[in-house]
Structures are given as C-alpha cells and as structure tokens.
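*Asks:* Have a look at this fold, sequence not included:
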C-alpha cells in the first residue's frame, strides 16, 4: 500500500475526538486506501483489530440493505468491546444511513469515519443530525507529487513524468499500473460509466439517457470555458434537441454532487464579491476528458488550467475566475486571509505580454504567478513569477 500522508495529517488531529470524520470524493480516488491507512494508524496505537469495524457498502449484496439492518449489524459488532472505531465505506448507498450514524454517535462509545462518492454526505442530510459535530475532508485523485510517489520516482525526476501525468491523470489505479494509453482510458471510462449509471442516472431516474449524455459531453468539451444553462439549451436547439433550463441545472447539480465536475465561480476583484453568473467547470480528473474524446495536444490549454485548479483545491484554496474590469485572471485562490493570483498558459505568447499584463493590473501585494509548460520561461517580472508547471505543482508553499 502506497501512503498518502497529506490525508493522514488532516485526519490525525481529529482521531478520538467526538466528531464524525467524513471523506468524500469521486469514485476510485483512493478513499478505501485511506481507510486502510487509518486502520494501520489505529493498530500502531495499540487498538485491537476486533475494535476496528470496517464495513464497505459498495457490493451488490447491499442493494436491498436497509438502515435497520445496518444499525443492528453495527450494534452487534461493538457490544461489550469498549471503545470501537467504525470505518464505513460508501455510506450513501444506504437509505437512512445518517440516522444510524447519529444514533451510534449519541449512544455508543465509538469513533466514526465515513467515506462516500456524493457531496450530499457533506451537506443537508448529515447536517440535520450532526450539526457542528462533523468534519469533512475532501478526497481528490492524485496530485503530481503523489503521482511521482506512486510511480516510485523522486521529486528530482519530475520532468520525466509530468507529460505522463498530464496525459493519464491521477486515478491511483492507473498510476499503479503500466497501462498503455488505450487501456488507461478504458479504466477511466469504466469509472465514469459507474458514476453516471449508478450515482446519477439510477438515483435520479433519468429517462432520456441520450440527452443527458449529450449535455455531459458538452460540459466536458467546454471545460475551462464560460457558459450558462441557456448556452447549452441554445446549442442543443441547433441540434434539433429540446431541453429546459431547469433540466440543465439539475444535470449540472447531479454531476457536481457525484464529483464529476467542480464549479468555479467568477470573483470581482474590484467589488471583492463572488458573481453568480457564467461559472466555469473543471473535471475532478483530467482523464475523464480523454476517456470521452481521446487525447491530443490541442486540449492542453484547458487541461493545464484543470490541473492547476485541482491543485488549488487540494491545498485548501477556494478557487475563482478573477474578473478585473474587462480583464480575466485564470484563478484567484483564497485561503482565509491569503490570496494567490495565477495565469496558466502552454507557453508565453511571443506577440504580446497579455498573461503578465493581466496580473500587473492587480494592485495588491499577494503572490502572482504565470504557470507555463515552457521549461525555459522562468524568472520574475515586476514581482510576477514565471514558473514551470512541474515546479509549481511541487512547491511546498506558494
């Protein structure tokens, strides 16, 4: 098992604290492996294996499993053992799970850890029962640094694997195996299909699967571009397809809840406010784009943006598209009182200084970067650092 220490570092302060720990992210992003890391950490602390109760609710046998059965099983497993540790994997499969967790949390001497592949685990259902008594830890596919670890390379070898990371994405299963390109994308297509069919189409009883698939395809094709629900409606109308704006909003909401996409709102730098129109969307892993469209170099601009967006999220930043009068900043990252401004490009344009000029117009003194795939384009200009993508992803602090 290859460790992901950043997640354990996030979890450790809350171990044995009367708080439910929720880890949520796209399917196959490594949540079950993190559970194994938690189990090993508990064993190192001297906790008997009999007091570590692991349940995985992903198998078909749990399709007819109900909350009462779940409660009875867990209750029986902890009787007369003293403090027990409940590691409950893919809990969203059980209708009424939140009532079970709340009851055990209230009445038993248990430390509870939950994983799931739906963001509702971190919203309305559990907040009703555990308001102020849970901590949510988002789980992402592999960062570039983690990818190097999975491949057995040191940070010094990063240049050799950056293009591979860009081409294959960060799903642990792909990183751990030496798949050829076709096989790697087949694996990702399987993950995608599982999410679409199980977490979205089946759960929300989508009747027109073909139309839904076309909407998803449009969103994937337009990753990193500004569009609205009305834009999609107009596009489909040209294809002689009819769909309501409300249906588009529902599709986007369900894709977001299942961690296929993340929204990226616009942020007005002058008014210091989040704008509610014309969001962008990025994928939870860039390989989703390749599994649907194949890989080619013309995608690089949006793919590089997607990689930087996910890195911002991993490091705890809220990521926004910056609006500075008529100019756009690719990303404004906000983490408490800290900000970072980032422009992303394949290479610096020879005919203009647009990437730098957009950042020059920002008057505050937070860090500003132009992140590029050009290894030779390094330096500092007017306080703006031009940095190679691989170096940027591996830098400990921005």
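*Replies:* The structure has been received and is ready for your questions. Given the structure is predicted, the values throughout are model-derived calculations rather than measurements.
*Asks:* ok, then the element right after the lowest-mean-pLDDT helix or strand in the chain?
*Replies:* For the chain, using mean pLDDT, DSSP states H and E, the weakest element among its helices and strands is helix 124-130, scoring a mean of 66. Where DSSP states H and E defines the elements, the next helix or strand beyond helix 124-130 is strand 134-138.
*Asks:* Identify, by residue count, the longest strand of the chain.
*Replies:* strand 273-283 (DSSP state E).
*Asks:* Going by neighbour count, list what's buried in that one.
*Replies:* 279, 280, 281, 282, 283 (16 or more other C-beta atoms under 10 Å). Heads up, the C-betas are built off the backbone N, CA and C, glycines and all.
*Asks:* Touching the following helix or strand past that strand from outside, list them.
*Replies:* The C-terminal neighbour of strand 273-283 among helices and strands, as given by DSSP H and E, is helix 287-293. If you take C-beta atoms under 8 Å, 6 or more residues apart in numbering as the criterion, helix 287-293 is touched by 167-171, 174, 184-186, 188-189, 192, 217, 220-221, 223, 260, 283, 299, 302-303, 306.
*Asks:* let's go with 10 Å and repeat that
*Replies:* Contact with helix 287-293 is made by 26, 141, 167-171, 174, 181, 184-193, 195, 213, 216-217, 220-221, 223, 260-261, 283, 285, 295-296, 299, 302-303, 306, as judged by C-beta atoms under 10 Å, 6 or more residues apart in numbering.
*Asks:* How about stretch 202-213?
*Replies:* Applying C-beta under 10 Å, 6+ apart, the set of residues contacting stretch 202-213 from outside is 92-93, 118, 196-197, 200-201, 214-215, 236, 241-243, 247, 250-251, 253-255, 257-258, 292.
*Asks:* hmm, try it at 8 Å
*Replies:* With C-beta under 8 Å, 6+ apart, stretch 202-213 has contacts from 196, 200, 201, 236, 241, 243, 250, 251, 254.
*Asks:* what do you get for stretch 244-259?
*Replies:* 24-27, 29, 117-120, 195, 199-200, 203-204, 212, 215-216, 219, 229-230, 232-233, 261-263, 281, 284.
*Asks:* need the helices for the stretch 51-200 of the chain, in chain order.
*Replies:* Taking DSSP state H, counting those that start in this stretch as the criterion, the stretch 51-200 of the chain contains helices spanning 67-78, 97-107, 124-130, 144-151, 158-168, 172-175, 181-194.
*Asks:* Kindly report the domain assignment for the chain.
*Replies:* Annotated domains of the chain cover 5-138, 296-398 [automatic domain parsing].
*Asks:* Tell me, how many residues neighbour residue 148?
*Replies:* 24 (other C-beta atoms under 10 Å).
*Asks:* likewise residue 297?
*Replies:* Neighbours of residue 297 (other C-beta under 10 Å): 8.
*Asks:* Next one, pLDDT for it please.
*Replies:* With respect to pLDDT, residue 297 scores 82.
*Asks:* Next: residue 198.
*Replies:* On the pLDDT scale, residue 198 gets 78.
*Asks:* And residue 364, by the same measure?
*Replies:* pLDDT, residue 364: 89.
*Asks:* residue contacts, it?
*Replies:* residue 339.
*Asks:* sorry, back to before: for the longest strand of the chain, which strands pair with it and how are they oriented?
*Replies:* Strand pairing for strand 273-283, using DSSP bridges, gives strand 261-268 (antiparallel).
*Asks:* tell me the angle the strand it pairs with makes with strand 134-138.
*Replies:* Between strand 261-268 and strand 134-138, the angle comes out at 100 degrees (axes from the mean of the first three to the mean of the last three C-alpha atoms, to 10 degrees).
*Asks:* Name the residues of strand 261-268 that are buried.
*Replies:* Buried residues in strand 261-268, counted by 16+ other C-beta under 10 Å: 261, 262, 264, 266, 267.
*Asks:* got it, and stretch 200-217?
*Replies:* Neighbour-count burial for stretch 200-217 flags 200, 201, 206, 211, 212, 214, 215, 216 (criterion: 16+ other C-beta under 10 Å).
*Asks:* Report the distance from it to the chain centre.
*Replies:* Stretch 200-217 sits 21 Å away from the centroid of its parent chain (C-alpha atoms, centre = their mean, to the nearest Å).
*Asks:* Any idea how far apart the tips of it sit?
*Replies:* Length of stretch 200-217, first residue to last, C-alpha to C-alpha, to the nearest Å: 15 Å.
*Asks:* ditto for stretch 384-393
*Replies:* 17 Å.
*Asks:* Counting neighbours, which bits of that stretch end up buried?
*Replies:* So stretch 384-393, judged by 16+ other C-beta under 10 Å, has buried residues 384, 385, 386, 387, 388, 389, 390, 391, 392, 393.
*Asks:* Including pLDDT, could the residues you listed go into CSV?
*Replies:* Formatted as CSV, the buried residues of stretch 384-393 follow (pLDDT from 0 to 100):
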residue, pLDDT
384, 95
385, 97
386, 96
387, 96
388, 95
389, 96
390, 95
391, 94
392, 96
393, 96
